[in-house]
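Q: Next one to model:
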Amino acid sequence: PISRNLKGQISNQLYSSRPCTSMPEACLILFLSALPLRQSNRTSLCLWPLAAYHAIILWHIFTGFLPKLCIHNMTIHRPLPDTGPHPQGHPYFLPLFHSTSNIAVEQDRSVLDYLSGEPFQEYLNSMYFDRFLQWKWLERQPVTKNTFRQYRVLGKGGFGEVCACQVRATGKMYACKRLEKKRIKKRKGESMALNEKQILEKVNSQFVVNLAYAYETKDALCLVLTIMNGGDLKFHIYNMGNPGFEEERALFYAAEILCGLEDLHRENTDCTLIFAFPSLGHIRISDLGLAVKIPEGDSIRGRVGTVGYMAPEVLNNQRYTLSPDYWGLGCLIYEMIAGQSPFRGRKEKVKREEVDRRVLETEEVYSHKFSEEATSLLTKDVKQRLGCQGEGAVEVKKHPFFKSMNFKRLEAGMLDPPFVPDVNSKTFSLLLFMLRQPRQFSTVKGVNLDQTDDDFYSKFSTGSVSIPWQNEVRVHHDHITPMQSLTQAA
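A: As a prediction, this is how the structure comes out:
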C-alpha cells in the first residue's frame with residue numbers, strides 16, 4: 001500500500017529528471033516505472049519481474065556492498081506522457097549511470113564481480129534456476145518434420161514452396177517455407193538462404209514476419225514463420241473492389257511497415273524489397289531473401305530489387321546504406337493510394353529499361369486521391385529524401401502525412417486496423433489449409449550433395465528460436481501451472 005502523498009512524490013519523480021536522493025526511492029521508482037503499458041490479445045507487455053529483479057539487486061548492492069556510492073550521479077528516466085514526438089525516443093529504461101569518468105567503469109566491474117559471487121550462488125541453489133534449466137531443455141529439443149502437421153501449399157517461390165503447418169504439441173499454426181536443397185545448390189543460393197534465416201532469427205518485431213523454427217529434412221531446408229492468412233497486400237490493392245485504398249487505410253499500413261523498417265534498421269539491415277501481408281488487418285514485412293546486413297559505418301553497392309521499386313542510387317550503381325528502403329516505402333504508399341505504380345501504369349507492358357529511365361528522369365504524377373501531405377514522399381536526391389537526414393524512421397514519423405498516427409499506441413497494439421479480412425470467407429478460410437497435402441518439388445537433375453553441403457545445412461538447421469518458442473508455449477499453457485506445462489510439453 002502506498003499513501004496518497006507518496007504516490008504524488010513518485011508521480012512527480014517519474015516525469016522529471018531530478019537526481020534521486022535516496023536508494024529506497026530509486027528502487028521504488030525503478031520498479032513502478034515498469035508497470036504494464038498494455039495487455040491485450042495481441043500484446044502482453046509486462047515488465048514487473050524485470051523491474052522487481054532490478055530493484056532487489058540495486059537495493060542489495062547499494063545497502064550491503066556499495067554504501068558509499070555517490071547516489072547523485074544516478075537518474076531514473078520514465079517515458080513522458082503521450083503529448084507528441086519526443087526527441088530522444090521512449091525507452092522503458094535508460095542507463096542508470098551517466099558518468100563519463102573511469103569511476104563508472106570501476107563501479108560496473110565491482111558490481112559484476114559481486115553479482116558473480118554470493119548472489120549468483122544463491123540463484124544456482126534456487127527453484128528458479130531449476131525452472132530455467134527445464135525450460136531451456138525443452139527449448140533445445142530436436143526439431144524435425146514430425147514436430148509439425150503439414151497442410152496445404154500456400155504459394156510457390158524460386159527455391160521451393162510455402163505450406164501451412166501446425167505444431168503438434170501446442171496446436172500453433174505457422175507457415176513453413178521449404179527450400180529444396182538441390183535447387184538451392186543449382187542456383188548457388190546458399191548465402192541468400194542463410195542470410196534470410198540469420199536476419200529473421202535476430203529480429204523480434206510484431207511488424208516483421210518472425211522465425212520460430214529452422215530445421216532440415218532429407219530433401220529440403222525449412223523455415224517455420226509467422227503465418228499471414230489475410231492474403232498478399234497487392235491482392236488487396238488490385239482485387240478487392242476499385243484499385244487502391246482510401247488514404248486512411250494506406251496511412252495505417254504505411255505506419256506499420258515503417259515500424260517494421262525501424263526494427264530492421266536497428267540491426268543495420270537494408271531490406272531492398274518489401275512484401276507485406278495483412279493478417280487480421282495488420283501488416284508484416286516478409287521475404288527478406290535479398291536483405292543485406294550492412295556493417296556499422298559502412299555502405300554497399302549493388303543492383304538488386306524489384307523493377308519500379310529500386311531507388312535511383314541503386315540504378316546508378318552508387319554506394320548506399322538504408323536509403324533505398326525509404327524510397328520503396330514511398331513507392332508503396334503511392335501504389336496503395338493511386339492503385340498503380342508511380343512509374344508504370346496499371347497493366348502497362350513496359351520494358352525494364354524504360355521503367356528504370358522513368359525512375360531516374362520522370363517525376364511522379366499525383367491524382368486528386370492524394371492529400372497535400374501525401375505528396376512529395378519520393379525524392380530522387382538521397383540527401384533530400386525523407387528518412388535520410390540522419391534520424392531515419394523518426395524523421396519519417398514527423399512528416400505531415402503521419403500527423404494523425406499515434407505511433408506509441410500502434411507499437412503497443414492498441415490501434416484497431418481500418419480493415420479486417422474475413423477469415424471465415426471462402427477466400428481466406430484457414431480450413432482451406434487442410435484440403436490437400438503439400439505438392440512434391442519438381443525433380444532437379446545433375447546436382448549431387450556432398451560433405452560441403454552438410455556443413456552448410458548444420459548452420460541452417462538450428463531448431464527453435466528462443467523468443468517465439470517461449471511466447472508460443474506461454475500462450476498455449478496460460479491456463480495451467482508451469483509444472484503441468486512442462487510435463488505435457490515433454
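
Q: can I get the CA coordinates of the longest helix seen in the chain in CSV?
A: If you go by DSSP state H, the chain has its longest helix at helix 247-265. Below are the C-alpha coordinates for helix 247-265, written out as CSV (Å, rounded to 0.1, in the frame of the first residue of the first chain):
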residue,chain,number,x,y,z
GLU,A,247,-5.8,7.4,-47.6
GLU,A,248,-6.7,6.4,-44.0
ARG,A,249,-6.1,2.8,-44.7
ALA,A,250,-2.9,3.4,-46.7
LEU,A,251,-1.7,5.5,-43.8
PHE,A,252,-2.2,2.7,-41.3
TYR,A,253,-0.4,0.1,-43.4
ALA,A,254,2.4,2.6,-44.2
ALA,A,255,2.9,3.3,-40.5
GLU,A,256,3.1,-0.4,-39.6
ILE,A,257,5.6,-1.0,-42.4
LEU,A,258,7.6,2.0,-41.3
CYS,A,259,7.8,0.5,-37.8
GLY,A,260,9.0,-2.8,-39.3
LEU,A,261,11.7,-1.0,-41.2
GLU,A,262,12.7,0.8,-38.0
ASP,A,263,13.1,-2.6,-36.2
LEU,A,264,15.1,-4.0,-39.1
HIS,A,265,17.3,-0.9,-39.3
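
Q: What mean pLDDT does it get?
A: For helix 247-265, mean pLDDT is 93.

Q: what do you get for stretch 281-297?
A: 84.

Q: For stretch 193-206, output the C-alpha coordinates as PDB.
A: Output in PDB follows, covering the C-alpha atoms of stretch 193-206 (Å, rounded to 0.1, in the frame of the first residue of the first chain):
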ATOM      1  CA  ALA A 193      19.000 -18.700 -47.800                       C
ATOM      2  CA  LEU A 194      21.400 -18.500 -44.800                       C
ATOM      3  CA  ASN A 195      21.300 -14.700 -44.900                       C
ATOM      4  CA  GLU A 196      17.500 -14.600 -44.600                       C
ATOM      5  CA  LYS A 197      17.500 -17.200 -41.800                       C
ATOM      6  CA  GLN A 198      20.100 -15.300 -39.800                       C
ATOM      7  CA  ILE A 199      18.300 -11.900 -40.200                       C
ATOM      8  CA  LEU A 200      14.900 -13.300 -39.200                       C
ATOM      9  CA  GLU A 201      16.100 -15.000 -36.100                       C
ATOM     10  CA  LYS A 202      17.700 -11.800 -34.800                       C
ATOM     11  CA  VAL A 203      14.700  -9.600 -35.400                       C
ATOM     12  CA  ASN A 204      11.800  -9.900 -33.000                       C
ATOM     13  CA  SER A 205       9.100  -7.500 -34.200                       C
ATOM     14  CA  GLN A 206       5.300  -7.500 -34.500                       C
END
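
Q: Buried residues, that stretch. List them.
A: Ala193, Leu194, Asn195, Glu196, Lys197, Gln198, Ile199, Leu200, Glu201, Val203, Ser205, Gln206 (16 or more other Cβ atoms under 10 Å). Where you see a C-beta, it was placed from the backbone N, CA and C, and this is true even at glycine.

Q: Look up how far Glu262 lies from the nearest residue to the last one once chain neighbours are set aside.
A: Right, the one you point to is Gln206. Closest residue to Gln206 apart from its sequence neighbours, by Cβ to Cβ, 6 or more residues apart in numbering: Gly413 at 6.8 Å. For Gly413, the distance to Glu262 equals 16 Å [Cβ to Cβ, to the nearest Å].

Q: low pLDDT regions in the stretch 1-150 of the chain?
A: 1-104 (pLDDT under 70).

Q: swap the cut-off to 90 and go again
A: Counting by pLDDT under 90, the low-confidence segments of the stretch 1-150 of the chain come to 1-124, 128-136, 138-140.

Q: ok, which stretches of the stretch 351-490 of the chain are helices?
A: Along the stretch 351-490 of the chain, the stretches classed as helices by DSSP state H, counting those that start in this stretch are 352-361, 393-397, 407-411, 451-460, 466-476, 482-489.

Q: Count residues in the vicinity of the spatially closest residue to Gln198 that is not a sequence neighbour, would you?
A: Using Cβ to Cβ, 6+ apart and skipping residues adjacent in sequence, the residue nearest Gln198 is Lys293, 7.8 Å away. Other residues within reach of Lys293, judged by other Cβ atoms under 10 Å, total 13.

Q: Right, I'll call it a day here.
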